[in-house]
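*Asks:* Pasting a predicted model and its sequence here:
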Amino acid sequence: MDTERLETPVAEQMTTPVRTVDPNLAVADAARVLWDERIGSLIVDGSDPAILTESDIARGVAVGVDPATTTVRELATEDVVTIPADATVRDATVRMTDHEIKKLPVVKQGELVGILTTTDIARGLVPGFDDVVAAFQ
């Protein structure tokens, strides 16, 4: 692993565009989006930032919510931890560790510009990462 890559700006490692969904979408439909697009989170549209992750859905189902009638807004995490686009990957890893999260929405001048995931970080730090993943598919 090339530790100098930890100093790379988040903007160079993030995924963009960010997949967003309507807050009134049923959780079951959101789960289909996650599955079909092979992603792990959705940003919830609206004035209050929120994120819905695979873990949020699993937790909801585990406690008995009906994914067909529960909305994304009801299960989404509202206290969203973000990171500035010009922060380093090292900064992002610290923030993820401190908050025990795997996904960080990336903001620039208050606007959502991307999302950084642990997978994005691995791709940036480990040469050939995609080849390793492909070998297991």
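*Replies:* Great, that's in hand. Numbers count the residues shown, from 1 in each chain.
*Asks:* Name the nearest residue to Asp22, ignoring sequence neighbours.
*Replies:* Asp45 (5.7 Å; C-beta to C-beta, 6 or more residues apart in numbering). Heads up, the C-betas are built off the backbone N, CA and C, glycines and all.
*Asks:* residues contacting the one you found?
*Replies:* Neighbouring residues of Asp45 by C-beta atoms under 8 Å, 6 or more residues apart in numbering: Thr20, Val21, Asp22, Pro23.
*Asks:* Could you check how many residues crowd around the third one?
*Replies:* Spelled out, that is Asp22. 14 (other C-beta atoms under 10 Å).
*Asks:* In the chain, what helix or strand scores lowest on average pLDDT?
*Replies:* Lowest on mean pLDDT, DSSP states H and E among the helices and strands of the chain sits helix 129-135, with a mean of 58.
*Asks:* Show me which of the contacts of Asp45 is closest to Ala92.
*Replies:* Nearest to Ala92 among those is Thr20, at 20.6 Å by C-beta to C-beta.
*Asks:* what number of residues lie near that closest one?
*Replies:* Per other C-beta under 10 Å, the neighbour tally for Thr20 reads 12.
*Asks:* how much space between it and Arg5?
*Replies:* As judged by C-beta to C-beta, to the nearest Å, Thr20 and Arg5 stand 29 Å apart.
*Asks:* again with Glu78
*Replies:* Glu78 is 32 Å from Arg5, by C-beta to C-beta.
*Asks:* Glu37 too?
*Replies:* 27 Å.
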